[in-house]
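Participant: prediction below, plus the sequence it came from.
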Amino acid sequence: MKALRWHGVKDLRLEKIEEPRPNQGQVKIKVEWCGICGSDLHEYTAGPIFIPAQAPHPLTGEQAPIVMGHEFSGQVVEVGEGVTRFQAGDRVVVEPIYACGHCEACNQGRYNLCDQMGFLGLAGGGGGFSEYVTAAENMVHSIPDAISYEQGALVEPSAVALHAVRQSKLKVGDTAAVFGAGPIGLLVIEALKASGASDIYVVELSAERKAKAAELGAIVIDPTEYDVVTEIHSRTAGGVHVAYEVTGVPKVLQQAMDTTRIGGELMIVSIFEQEAPIQPNSIVMKERTVNGIIGYRDVFPAVISLMEKGFFPADKLVTKRISLDDVVDHGFEALLKEKNQVKILVKAE
C-alpha cells in the first residue's frame, strides 16, 4: 500500500509498504481522510520532535522512518481476535495516544501525560497518511452517520482545543483571548463558544485567518493596527479571564500573559521550537496562573457529540482537499507558503 514516511527534515517519502494486518485486540481501518497537523509540519521543518529518530520508541518499538498522520477517519474493514466493540463497516476515528498504563500519570488517569507517551502517526504503529492502518480497540471511537468522514478527520484536533478550554479556569460568561487563528486557534474559538464564553478576542496577522475567525464569531484584533495588550484591556475593563497561546512564537507568550486580568490565566497550547522568555513578575504581581496542555484525555466522545450539534464545522475550517500523491507539494509545502490555508485534508486512495 502507499504510505507517507518521515525520513528526516524536509524528507517525506511516499513509499510502498506492506499492508498491515490486525493483531489480537486490534482493528484494521481503511483511511478515508487525514488532516495535516501543526505537529506534522513541525516534524517536517524542524524534527525530530516526537518522532523517534535515534532509538526505537519504548511503546511501539519503532523508529524512523515512520508513517505519519494522526488526524484521521475511516471505515473498519477487519478486526483481530478478541475485538468485540467493532465490526467491518463501522465508521470510526482513532484517538492516537500511546500510553504505558502503569506510570504515575497513567495511574492517575492522565494518560496523555504518560512518561513514555507517543502518538500513532508520530511514534510508529502506522499512520493516517496511508491506505490502511491498525489500532488497538481501546483507541477507536465510532462516529454516527450524521458526521461525515471529513468532519471525522477534525475530531482529533478539536479534542486538543476542547481539552485546552476544559483544563482552563474559564466559566460561562467569561471573556477570552486566542493568540493565533491557525487550525487549533480556530478550533479553540469553537470550544470556547461551546463552553459559554462571552466575548472571544483573536489576535492574528493573516488576512485570511482573520476572516475565518470573524466568520466563527470572534472579535479580531490585528497586532499591526493596535497595541494588543492596551486594546484588549480597554475593551474588557481590565483584561480577559483566560488567554490561549496557540502560535508557538516566543515573543507572543508574554503578550498573551499581559492581556489577562488580575487573577487571570494563560493557557499554553502550542509546541515551541525555541525557548520563550517571560517576566515572572507579570505573574507574581497580578496573581496570574500559567497552565499548559498536551493532547487530550477522555474528551473524544464530547467532541463527537458537539459536532452532531454543529460545532467545529468542517465546511468552515477545511480549505483544501488533496490526494495522498500530492501530500508533500500541495500539502506540507502549501501550508508553509500559502497563508490562506487553514486545514488541509488528504484523501487516502
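Facilitator: Nice, I can see it.
Participant: grab the nearest non-local neighbour of R91.
Facilitator: I143 (5.1 Å; Cβ to Cβ, 6 or more residues apart in numbering). C-beta: built from backbone N, CA, C; applies to glycine.
Participant: just checking, P48 touches A64?
Facilitator: Yes. Counting by Cβ atoms under 8 Å, A64 is a contact partner of P48 at 6.9 Å.
Participant: what residues are shared contacts of the two?
Facilitator: W6 (Cβ atoms under 8 Å, 6 or more residues apart in numbering).
Participant: tell me the secondary structure at the closest residue in space to P301 that isn't next to it in sequence.
Facilitator: Closest residue in space to P301, ignoring its immediate chain neighbours: H141 at 6.9 Å, by Cβ to Cβ, 6+ apart. Classification of H141 using DSSP: H, G, I helix; E, B strand; the rest coil returns strand.
Participant: ok, now which ones touch L59?
Facilitator: Y98, A99, C100, Q116, G118, A123.
Participant: how about S323, nearest residue that isn't a chain neighbour?
Facilitator: K347 (5.3 Å).
Participant: so who does the one you found touch?
Facilitator: Contact analysis of K347 by Cβ under 8 Å, 6+ apart lists E32, W33, R321, I322, S323, L324.
Participant: number of residues surrounding the third one?
Facilitator: It refers to R321. 13 (other Cβ atoms under 10 Å).
Participant: would you say A146 is within a strand?
Facilitator: No. A146 sits outside any strand when classified using three-state DSSP, being coil.
Participant: can you get me a residue count around V203?
Facilitator: With other Cβ under 10 Å as criterion, V203 counts 30.
Participant: what are the ranges of the helices in the stretch 201-349 of the chain?
Facilitator: 207-215, 228-236, 250-258, 281-284, 300-308, 314-317, 333-337 (DSSP state H, counting those that start in this stretch).
Participant: elements contacting the fifth one?
Facilitator: In terms of contacts (3 or more Cβ pairs under 8 Å, 6 or more residues apart in numbering; DSSP states H and E), helix 300-308 is packed against strand 140-142, helix 155-167.
Participant: and the angle from that helix to helix 155-167?
Facilitator: Relative orientation of helix 300-308 and helix 155-167, computed by axes from the mean of the first three to the mean of the last three Cα atoms, to 10 degrees: 110 degrees.
Participant: which stretch among the helices of the stretch 201-349 of the chain comes nearest K343?
Facilitator: helix 314-317 (5.1 Å; Cβ to Cβ).
Participant: in that closest one, which residues are buried?
Facilitator: A314, L317 (16 or more other Cβ atoms under 10 Å).
Participant: restricting to C-alpha, output that helix in CSV.
Facilitator: What follows is helix 314-317, C-alpha atoms only, in CSV (Å, rounded to 0.1, in the frame of the first residue of the first chain):
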residue,chain,number,x,y,z
ALA,A,314,-15.6,21.2,8.5
ASP,A,315,-17.2,23.3,5.8
LYS,A,316,-15.8,26.5,7.5
LEU,A,317,-12.4,25.1,8.5
